[in-house]
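A.B. asks: output the structure for:
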Amino acid sequence: MPWTNQGGGDGDDNGPPARGPWGGAPQRGGGLRPPDLEQILRQLRDRVSAYLPSGLGRGGLVLIAGAIFLLWLASGIYVVQPSEQGIVLLFGRVVANTGPGLNYRLPWPIEVLYKPNVQTINQTTIGYRSSSESSDENQAGDIPDESLMLTGDENIVDVNFTVNWRIKDAAAYLFNVDNGRGNETIKAVAESAMREIVGQNQIEPIMTSNREVIQIAVRDLMQKTLDYYNAGVFVTGVQMQKVEPPEDVRGAYLDVQKALADQDRMRNEAEAYANKIIPQARGKAAHIVQDAEAYRQQVIANATGEAKRFLAVLAEYRKAPEVTRRRMYLETMTSVLGPMNKVIVDDSAKGVIPYFQLPNMLKQQTPAGQKQAQPSLLTSPDQNPQQPDSGGSAQ
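C.D. replies: Down below sits the predicted model:
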């Protein structure tokens, strides 16, 4: 109920007069009476004295106040751990950047201390949430709004990756990155950098051979952007966890990849066959060329030898034509008649009938497998073919 009193009123006739809000009687004649500061201080002193030992005077209060002041000053002592960095703010302005160890600052509220951990590696996930990161288990899993990205060849790829980072400048991190949402800032920069790099590459290299190159490019682009914002953050690494087509087109994409794999396999088999046939053909060609070269050298050498032999014979023929002619005739007949089977008959022998052993001659001359011709005897009609040869013939 309202406690203001109307001017001129004395309260209920049957009760005590109404009192003002500070415990005193209302001022008569209308209006409110201002508070009595001395009375308020006296009441406060009485209440404090009720909790203090009896007999404690003004000097005791001064000692207690001094002890409280000393405790307040001692509250400015602080310790910075080896993994931390101390940032001291004087009425909101950075005045000290302290390292590990025991340090001192003016107590609160004059100076405020922040001790961020600058060595712990923080991890930010983009494209998915693990059960430990999400308070609701139903929200854990892929986040399509973050993971679906457009590639340079106008395909859509589902990318999940993590970013590892730490604080390298505590003051810059505290003032330039919202401390309550610093992870969100890192996530926004990481997602932007990944979309830019993915948009510059095709889907197949992104999923296979260029993953390491893309991770390095995203890390460098993130570091450049964060340094431009003076965020005081150092990106230690980017790791791509899952890179695959979206669920709706994954089956068709796998069919395409299988066809491309078959194409590569058949191309490799064709190249292997070509690598096998071409050396063989080259070897045969080289063999033919070498045989032709050898034949050429042989023919030239034979022709050269025949020419020299002819010149040598010509020189001898000019010296002794008859002897040389006779010698050439004998050599020619030797080379012609030497391999042949011969029967030499002495025509000067008288009364001797020659007998040719044609069966034996034909047997020697007839090749194997051919039918031998029926021999005939060239004898005189007067003579008996069974008569043996006598002297005067030679074989």
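
A.B. asks: what's around residue 203, how many residues?
C.D. replies: 20 (other CB atoms under 10 Å). (Each C-beta comes from the backbone N, C-alpha and C, glycine too.)

A.B. asks: ah, wrong one, I meant residue 326
C.D. replies: Residues near residue 326, counting by other CB under 10 Å: 11.

A.B. asks: can you list contacts of the helix or strand containing it?
C.D. replies: Assigned by DSSP states H and E, residue 326 belongs to helix 321-337. Contacts to helix 321-337, defined as CB atoms under 8 Å, 6 or more residues apart in numbering, come from residues 313, 316-317.

A.B. asks: what is residue 237 paired to in the beta sheet?
C.D. replies: On the basis of DSSP bridges, residue 237 is bridged to residue 164.

A.B. asks: list the contacts of it.
C.D. replies: 163-164, 215, 219.

A.B. asks: helices or strands up against the longest helix along the chain?
C.D. replies: In the chain, taking DSSP state H as the definition, the longest helix is helix 250-319. Contacts defined by 3 or more CB pairs under 8 Å, 6 or more residues apart in numbering; DSSP states H and E place helix 250-319 against helix 321-337.

A.B. asks: how about a cut-off of 10 Å?
C.D. replies: Using 3 or more CB pairs under 10 Å, 6 or more residues apart in numbering; DSSP states H and E as the contact test, the elements touching helix 250-319 are helix 203-207, strand 233-244, helix 321-337.

A.B. asks: nearest to residue 94, of the ones you listed?
C.D. replies: strand 233-244 (17.5 Å; CB to CB).

A.B. asks: what angle sits between that closest one and helix 250-319?
C.D. replies: Calculated by axes from the mean of the first three to the mean of the last three CA atoms, to 10 degrees, strand 233-244 forms an angle of 80 degrees with helix 250-319.

A.B. asks: restricting to C-alpha, output strand 233-244 in PDB.
C.D. replies: Provided in PDB are the C-alpha atoms of strand 233-244 (Å, rounded to 0.1, in the frame of the first residue of the first chain):
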ATOM      1  CA  VAL A 233      44.300 -16.300 -33.500                       C
ATOM      2  CA  PHE A 234      46.700 -18.800 -35.000                       C
ATOM      3  CA  VAL A 235      45.300 -21.600 -37.200                       C
ATOM      4  CA  THR A 236      47.400 -24.700 -36.600                       C
ATOM      5  CA  GLY A 237      45.700 -27.000 -39.100                       C
ATOM      6  CA  VAL A 238      42.600 -27.900 -41.200                       C
ATOM      7  CA  GLN A 239      41.600 -31.500 -41.500                       C
ATOM      8  CA  MET A 240      38.900 -32.700 -44.000                       C
ATOM      9  CA  GLN A 241      36.900 -35.500 -42.400                       C
ATOM     10  CA  LYS A 242      34.400 -36.400 -45.100                       C
ATOM     11  CA  VAL A 243      34.300 -35.400 -48.700                       C
ATOM     12  CA  GLU A 244      31.600 -37.100 -50.800                       C
END
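
A.B. asks: now it: average pLDDT?
C.D. replies: Mean per-residue pLDDT for strand 233-244: 89.

A.B. asks: then stretch 144-151?
C.D. replies: Mean predicted confidence for stretch 144-151 is 86.

A.B. asks: kindly report the same for stretch 176-193.
C.D. replies: For stretch 176-193, mean pLDDT is 80.

A.B. asks: kindly report the same for stretch 196-212.
C.D. replies: Stretch 196-212 shows a mean pLDDT of 87.

A.B. asks: which positions in that stretch come out as buried?
C.D. replies: 197-198, 201, 203, 206-207 (16 or more other CB atoms under 10 Å).

A.B. asks: next: stretch 114-129.
C.D. replies: Neighbour count says stretch 114-129 has 114-116, 118, 124-129 buried, by 16+ other CB under 10 Å.

A.B. asks: ends of it, how far apart?
C.D. replies: End-to-end distance for stretch 114-129: 30 Å, by CA to CA, to the nearest Å.

A.B. asks: what residue ranges in the stretch 251-395 of the chain score low on pLDDT?
C.D. replies: 343-345, 349-395 (pLDDT under 70).

A.B. asks: roughly how far does the residue lying closest to residue 165 once chain neighbours are set aside sit from residue 42?
C.D. replies: Counting by CB to CB, 6 or more residues apart in numbering, residue 235 is the residue found nearest to residue 165 once chain neighbours are left out, at 4.9 Å. Applying CB to CB, to the nearest Å, the value for residue 235 to residue 42 is 64 Å.

A.B. asks: how about residue 149, secondary structure?
C.D. replies: Using DSSP: H, G, I helix; E, B strand; the rest coil, the structure places residue 149 in strand.

A.B. asks: ok so, going back, now do the same contact list for the residue nearest to residue 165.
C.D. replies: 124, 163-166, 168, 186, 189-190, 193, 218-227 (CB atoms under 10 Å, 6 or more residues apart in numbering).

A.B. asks: could you do residue 172 as well?
C.D. replies: Contacts of residue 172 by CB under 10 Å, 6+ apart are 94, 226-227, 229-233.
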